[in-house]
Structures are given as C-alpha cells and as structure tokens.
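Engineer: A structural model of the following input is requested.
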Amino acid sequence: MTKQPSSPDLSAPQRRGTLAGRAYDAISTMIEQRELAAGSVIVEQQIADLLGISRTPLRHALQRLEAQGVLVKSANRSFQVRKVELSEYLQSLKVRELLEAEAAALCVDRVDAAALAGARAALQAVKQQQRYEMLAHWRSDDEVHGLVIENCGNRVMADMLHALRASTKMFEIDRLAERLEPDTRQHELILDALEARDGRLARKAMAGHIRSLRQFAIDTIS
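Structural biologist: Now for the predicted structure:
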C-alpha cells in the first residue's frame, strides 16, 4: 500500500448491503484513489481490521475483484492489485474501439431515457465541480460506458467489454493523470448520440473517444 487508507467501519448496523458487498465497494474505492497501488500485496488481516470485518466476507470481496481482473494472485498465493503494462493497455483499447463502438450503435434503441438523463446529470455535476474529485469522475465514466455495455443486447460482447474495461481502468489509475475536460466533452457526444437514437453517430462518438484515450496514453508515457 502506498499510504494508510482511511475507511468507515463496515460492520456498523446502519449500513446497507452484505459485509462482502461493502468490503468490495471499499476496496474498489481504495484502488481508485490509489491508496492501494498497482502491484501492492493485499494484507488481508490489515484490511479486515481497517474495515472492521472478519476475513470471511473480505475474502469473498477479494475473490470477486479477482474474477473481474482487478486483483491477481501473487507467487505466494496472496492477492495483489493488478498492474497493467502499456502494451496490454493499447491492445485492449484497440479491441474496445471495435467492440464498444459497435455496442454503442446497438444500444441506441434499448437504453432507457431515464437512465440517459441520470448519466447526463451525473456528468454535468462532475463538470461543474470547483475541485476535481477523482471518485466522482470514475463513477460518471462507469455510468456512461455501463449504459452502452449493458444495453447492447449481446451478453458475450458485454462480458468481453467489462473485462477489457477492467484492464484499461487499472492502467489509467496507475499511470495516467486525470483528463476531465476531454472525457467530459467526449462523453457528452456519446450521450447526445444515444439520446438522438442515432446508431451511426453513437458508433463514431465512442470510437473517437477510445482513440483519444489511446493517443493520450502514448503522449503521456512516451
């Protein structure tokens, strides 16, 4: 761990959801905030004590994160925050450009208007914040892309895209600076196309967004 994370006691009775689910949310947030850095070994007892839970629900949360590609098993069988290299990131983005652009075109007649309005409102809230808030940015990003993926009408494609997004997100957390302005502008174009129920524009907007991510990484890392 890069620094000692602070987290609420998840065993508090007023909190909702299972302990495993709350632990999953808490650990995901620690990773997004870079409190658990790429390559860090998860010390289970330390995390369990921090969250105020036993190791059983914690292990369920860790196994769920492993299944999603966020954690991996180290040589000594401990859980470790996955580290994604630039080559894998760029290759994953290329596949996303092909699949997610198609998913955007497929979802235009399936996505619910209320869900679109919610994603738009969350995006505007992030855009109008006076101080950059990393978690709010990630939540908005997940919401926009999740709308496309979950409404594409193809479960195989959706599962592949979720796995690819897990890989690219891990790299972005680890290696890239925030890019709120281009993300917000490009997400607005995607939402515009979805609200217009225009598959051609949705495909173009999504492909352009992912190509922009690729170029940003090349410019930043090289």
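
Engineer: buried set for whatever helix or strand residue 46 lives in?
Structural biologist: Using DSSP states H and E, residue 46 sits in helix 44-51. Buried residues in helix 44-51, counted by 16 or more other CB atoms under 10 Å: 47, 48, 50, 51. The way it works is simple: take the backbone N, C-alpha and C, and place the C-beta from them, glycine included.

Engineer: cool, and stretch 82-89?
Structural biologist: Residues of stretch 82-89 classed as buried: 82, 84, 89 (neighbour count, 16+ other CB under 10 Å).

Engineer: which residue is the nearest non-sequential neighbour of the second one?
Structural biologist: In space, not counting the residues next to it along the chain, residue 84 is nearest to residue 171; the distance is 4.1 Å by CB to CB, 6 or more residues apart in numbering.

Engineer: who touches the one you found in this structure?
Structural biologist: By CB atoms under 8 Å, 6 or more residues apart in numbering, the contact set of residue 171 is 84, 85, 86, 88, 89, 217.

Engineer: any idea of the angle the helix or strand hosting residue 24 forms with helix 44-51?
Structural biologist: According to DSSP H and E, residue 24 maps onto helix 19-32. Orientation check (axes from the mean of the first three to the mean of the last three CA atoms, to 10 degrees): helix 19-32 against helix 44-51 gives 100 degrees.

Engineer: tally of neighbours for the residue lying closest to residue 197 once chain neighbours are set aside?
Structural biologist: Distance criterion CB to CB, 6+ apart; nearest residue to residue 197, sequence neighbours excluded, is residue 108 at 4.8 Å. For residue 108, the neighbour count with other CB atoms under 10 Å is 21.

Engineer: wait, what's in contact with residue 108?
Structural biologist: Contacts for residue 108 (CB under 8 Å, 6+ apart) come out as 193, 194, 197, 198, 199, 202.

Engineer: what ranges does the chain have for its strands?
Structural biologist: 71-73, 79-81 (DSSP state E).

Engineer: tell me which of those sits nearest to residue 40.
Structural biologist: Closest to residue 40 of these, according to CB to CB: strand 79-81, at 4.7 Å.

Engineer: in that closest one, what counts as buried?
Structural biologist: By 16+ other CB under 10 Å, the buried positions in strand 79-81 come out as 79, 80, 81.

Engineer: again with stretch 144-157
Structural biologist: Result for stretch 144-157 [16+ other CB under 10 Å]: buried residues 144, 145, 146, 147, 148, 149, 150, 151, 152, 157.

Engineer: now do stretch 191-207
Structural biologist: Residues of stretch 191-207 classed as buried: 191, 193, 194, 195, 199, 201, 202, 203, 204, 205, 206, 207 (neighbour count, 16+ other CB under 10 Å).
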